[in-house]
Each structure stands twice: as C-alpha cells, then as structure tokens.
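**Student:** Make a model of this:
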Amino acid sequence: MLECGMTLQDLFDEVRDMEISDMSAFAHVLSYFEEINEETECFMRMLGNKFDNATITWEQPLYQQSNRLTRTLKDPDNFDKLTYKTGPMTKDEVELIEENWHKFMERFNIPDKLICLARWKNKELNQYLPQEKARIYTIAYLARGLERTLHQVYQHIVTYYGGCNRGQYTEDEKKVIDICFHHCPKNAAVILSAVLARQPRGIYKRIHFATNGKPPKHKIRWNLELVSKFVKLLMKYTGEPLEGLKNKKIDKSVWLKLQNDFDKQYEYLQYIWNVILHCQLFVKCTFTLRQLKRKVFKVLRSSPFKIWRDIRWKEVVAKFPDGFTHYYLYWVTIRVIRHKSYSKIPLQELVDYGLEKTRLKNYNNRRYCKLKTLILNSKGNLEEKYYENKLKVTYF
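**Tutor:** Numbering: from 1, shown residues only. Predicted coordinates for the structure are as follows:
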C-alpha cells in the first residue's frame, strides 16, 4: 500500500515563507496533490482486486439494493412500505458505521484509509470497473444494521472523511489557496479540496469572492412600514392570503423578485421570513425570549437525542404551539451555547449549561423582552397585537 511521503503540515512548512507568485511553491502543492491521488488510486486498485467478483451474502432491505451510490432513490414509495431514515446521521449511526469499518478492516486485512474511499471518483462513469464494484460492496458493508440507503451512507463518508477539516481557514490554508488560485485558477477548487481535505462548496465560494469580490453590504432598518411592504409583496407574488403563507413552501422565483425589490440577497430575506417574521405573524401567545429559551432546553432535556447533531428540530417544533418554525427555535437556542464547544458535548450537559445561563439572576436584562406579535389591520398594514395566552409546550 502506497503511503504519502509528505503530510499536509509538511506542505504548510514548505510554502509558509515562499512568495505566492513563486512557481516552486505551486510545485510543492501539485506534488502533494499527485501523491494523494496516487495513494487513492493504489487503495482503490487493491479494493478492486479483492472485491471485483465479491457477492453480498448478508440480508439487505430493498432500499439498500441499489447499485448507484451517487444517486438518490427515484421512487421510495414503491419499496413495499419499507421506510428508511432521512436527515443527518445520529451519533449512534456514526458509531455503527465506524464499528462496521473496523470489522471490515480486520476481516479483509484492509488498511485504515477510509479517506481514500471518500476521495475516489469514477471518472469513466463505468459501473463495471472493479473499483466501482468494490466501492459498492464496501459501502454496503458499512451500511449493515442501518435504516439508511447506500447513497446516504456514501454521502456521509464523502462529507465526514473526504472533507474532514472544518471551521475557519487557518493562515497556512489561506496561503495554499492563494498559491493555487494564482497559478491554476481553473482547477484550483479541485486541487484544494483534495489537498486541504475540505468540502468543495466552501472552496468554490472563497474563490468566487476572490474573483468577483464580496457583494456590498447595507443594513436594512426594519420597521412596521417596511415589514408591511415585505409581507404585502410576498402575498402578491404567491397569490396567497396571509394565513395561507403559514405552511406554504415559497418558490425561489418569489424570493428572487423580492431580492430585486429590496436590493438584498434572497437568502437574507428567507432568513428574515423563516427566523423572525413567521413567528411574529402566526404565533398567538405572549412570551419573553428568556422564557422561550428555557422551554426549548426543557423540551430537549426530555428528548432521546444524545448530542447536538442528533437533534431533529422539526420534531422539537412539533412540541410548541402552531406558528413556530424550527429555524426560529434553532436560532434562539444556538445563541445561548454558541460560545461553548457544543458539537460533541453530551446534550444533557448542554441543556444544564443553557438552563443555568438563562436563570433570571444570570440573564442579560437587555434581552428580557417579549416577542412582538403582529396582525394585519383593516387597512392592510401590520400592527402590534398583544395576546393573553401564555406559552405552553409538550414534551417527548
């Protein structure tokens, strides 16, 4: 099994003091990229030799019998009412995949190079390649015991092993990005995604900003008049009354029209609607932000979720009165714990932290305010409305 002679840290050390325009700096990056590719191809050839003609001998549910890893199931309703889970992998599912991988390595004497499986691309689009057959067999083995499709397991492997580095870019990473973009802008994203072990989407976005610049930012000071205009245009473009917007999935074409009207990116306008306005318009009770946060943490305490990543916010919002969105509940909760390393901490520990932080004596009075609920008046404009109802929730 071929091993890379250079590590990513070695690459950083090599190019740290070199000029971006220095061709030898790019040569170091390219050399490391070629080593990665050769290691990946060597690993997949080994798998191909082992599993070219291998037959799956364990029982598989129908939704795991597809031989297309990169495509979702076209018609899952036809699988004899067999259902599979959707959404991100839970902590238990991730641990089961890792357990299956260790069993796979021990049983077939495979080196611990799951990242190579994540990086490999079937460039020939040939499903009869030995490497492709081996990839399907391996993913099927990793999916044992999961109520997931092979496509879901494959996407998890690609995301969490192929692009395992996350968070803010380090100065060394920024230097490598600048070097690649200077010398080879056309293929920079492909090279950098492999070299830095990061998801291509973030690389493309950074390169796009480097080429075209970031869109200019200007703040919108939202008031009742401007919010009324926003809601009126939303009703006009969708052809729905206000109440009809509560559970409606709004088409992207509508957001693009609003983008032109407000001269703001449509993603920002979606945020305003889903996180802020929706609850103000459709929640028919009165509560303070502190009370809501404590309710969310108490609901989470009663839930079966083990870590933050396990939380299914659509299940959480079902415990709250009509009108809330899962976006809003996530938003108010993350603001309490965002300064804590929350991603792998046990959820019960996070809940205790959140409840302690939102105790009245520890709470910032500036945020001790009620949600401003709104209604449309007879003139078609929004105005504030106070409700006597108090916030009540159910628990898991």
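**Student:** Now do Pro304 against Glu349, distance only.
**Tutor:** 16 Å (CB to CB, to the nearest Å). Placement of C-beta: from N, CA and C, glycine included.
**Student:** same check, this time on Arg338
**Tutor:** Distance from Arg338 to Glu349, by CB to CB: 15 Å.
**Student:** Name the residue in these two with the higher neighbour count.
**Tutor:** Taking other CB atoms under 10 Å, Arg338 and Glu349 do not tie; Glu349 has more neighbours (12 against 8).
**Student:** Need the pLDDT of Lys340.
**Tutor:** Lys340 is assigned 69 on the pLDDT scale.
**Student:** Could you do Met1 as well?
**Tutor:** You'll see Met1 listed with a pLDDT of 53.
**Student:** contacting residues for Tyr327?
**Tutor:** Shown in contact with Tyr327 (CB atoms under 8 Å, 6 or more residues apart in numbering): Tyr271, Asn274, Val275, His278, Trp313.
**Student:** how many neighbours does the third one have?
**Tutor:** If you count neighbours by other CB under 10 Å, Val275 ends up with 16.
**Student:** Ok, the first one next?
**Tutor:** Neighbours of Tyr271 under the rule other CB under 10 Å: 15.
**Student:** excluding its backbone neighbours, what's nearest it?
**Tutor:** Tyr327 (8.0 Å; CB to CB, 6 or more residues apart in numbering).
**Student:** Can you pull out the low-pLDDT segments for the stretch 151-300 of the chain?
**Tutor:** Judged by pLDDT under 70, the stretch 151-300 of the chain has its weakly predicted residues at 215-216.
**Student:** Helices of that one, residue ranges please.
**Tutor:** 171-183, 188-196, 200-212, 224-238, 252-262, 266-271, 278-282, 289-301 (DSSP state H, counting those that start in this stretch).
**Student:** tell me what the last one is packed against?
**Tutor:** I take that to be helix 289-301. helix 313-317, helix 326-337, helix 347-357 (3 or more CB pairs under 8 Å, 6 or more residues apart in numbering; DSSP states H and E).
**Student:** Ile20 is nearest to which of those?
**Tutor:** Of all those, helix 326-337 sits nearest to Ile20, with 36.5 Å by CB to CB.
**Student:** CA-only coordinates of that closest one, as PDB, when you get a sec.
**Tutor:** What follows is helix 326-337, C-alpha atoms only, in PDB (Å, rounded to 0.1, in the frame of the first residue of the first chain):
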ATOM      1  CA  HIS A 326     -37.800  25.000  13.600                       C
ATOM      2  CA  TYR A 327     -35.500  27.800  12.200                       C
ATOM      3  CA  TYR A 328     -36.500  30.100  15.000                       C
ATOM      4  CA  LEU A 329     -36.100  27.600  17.700                       C
ATOM      5  CA  TYR A 330     -32.600  26.700  16.500                       C
ATOM      6  CA  TRP A 331     -31.700  30.400  16.200                       C
ATOM      7  CA  VAL A 332     -32.700  31.300  19.800                       C
ATOM      8  CA  THR A 333     -31.000  28.100  21.200                       C
ATOM      9  CA  ILE A 334     -27.700  28.400  19.400                       C
ATOM     10  CA  ARG A 335     -27.300  32.000  20.600                       C
ATOM     11  CA  VAL A 336     -27.100  30.600  24.200                       C
ATOM     12  CA  ILE A 337     -24.500  27.900  23.600                       C
END
